[in-house]
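A.B. asks: Sequence first, then the predicted structure:
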Amino acid sequence: MRCKWCNLKNEKYIKYHDNEWCKPNFDDKYLFEMLILESFQAGLSWECVLNKREDFKCAFDNFDIDKICNYNNEKIEKLLKNKKIIRNRLKINATINNSKIFKEIQNEYGTFYNYLRTFTNDKIIYEVDKTTNYLSDMISKDLQKRKMKFVGSTIIYSYLQAIGVIYSHDKNCFMYKDNY
């Protein structure tokens, strides 16, 4: 049995659930990709974003942060015409803005993960059936203070689950653990 949110009719979703979700991955390239994808999830389902993940990867230059930081109006218009991704101007503009701030954080802390560690103290949180917590609240507030967009506490909570800082497999799921 898997987590109740996992659509068993969607092979991408099953693969994501079984092989990626809640598994610690603190590589900055992955952290950046997931932050972009999670911000596009705002107001939508994760399944919708996940189904378009490869198209996002292609449209956003393999999540190359340096390229995204330099996107211009021509590139934004091209993205807005790409029917394979979520074409939301606010989210596209936020991605460019957030990329620049992500880089600033990397420059300040060495890596984005080092920044996250100032909040997590290298601890994994084990909890289920939540959409926010004190950690997502703190990180969200700090990112918003730094002028990131689409990084509310719920989005950041999902992000922390995705990268393995919060472990949230349902108690009935074959992957459930209450600690490592």
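C.D. replies: That came through fine. The structure displayed is predicted, hence computed values, not measured ones.

A.B. asks: longest helix anywhere in the protein?
C.D. replies: Ranked by number of residues, the top helix in the chain under DSSP state H is helix 89-109.

A.B. asks: and that helix, which residues are buried?
C.D. replies: Buried residues in helix 89-109, counted by 16 or more other Cβ atoms under 10 Å: Lys91, Ile92, Ala94, Thr95, Ile96, Asn98, Ser99, Ile101, Phe102, Lys103, Ile105, Gln106. C-beta here means a position set from N, CA and C on the backbone, and glycine is covered the same way.

A.B. asks: if you average pLDDT over it, what comes out?
C.D. replies: In this model, helix 89-109 has a mean pLDDT of 98.

A.B. asks: just to revisit the earlier point, just put the buried residues of helix 89-109 in a markdown table and tack on distance to Asp61.
C.D. replies: Listed next are the buried residues of helix 89-109 as a markdown table, based on distance: Cβ to Cβ, whole Å:
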| residue | distance to Asp61 |
| --- | --- |
| Lys91 | 16 |
| Ile92 | 13 |
| Ala94 | 17 |
| Thr95 | 11 |
| Ile96 | 12 |
| Asn98 | 15 |
| Ser99 | 11 |
| Ile101 | 18 |
| Phe102 | 15 |
| Lys103 | 15 |
| Ile105 | 20 |
| Gln106 | 18 |
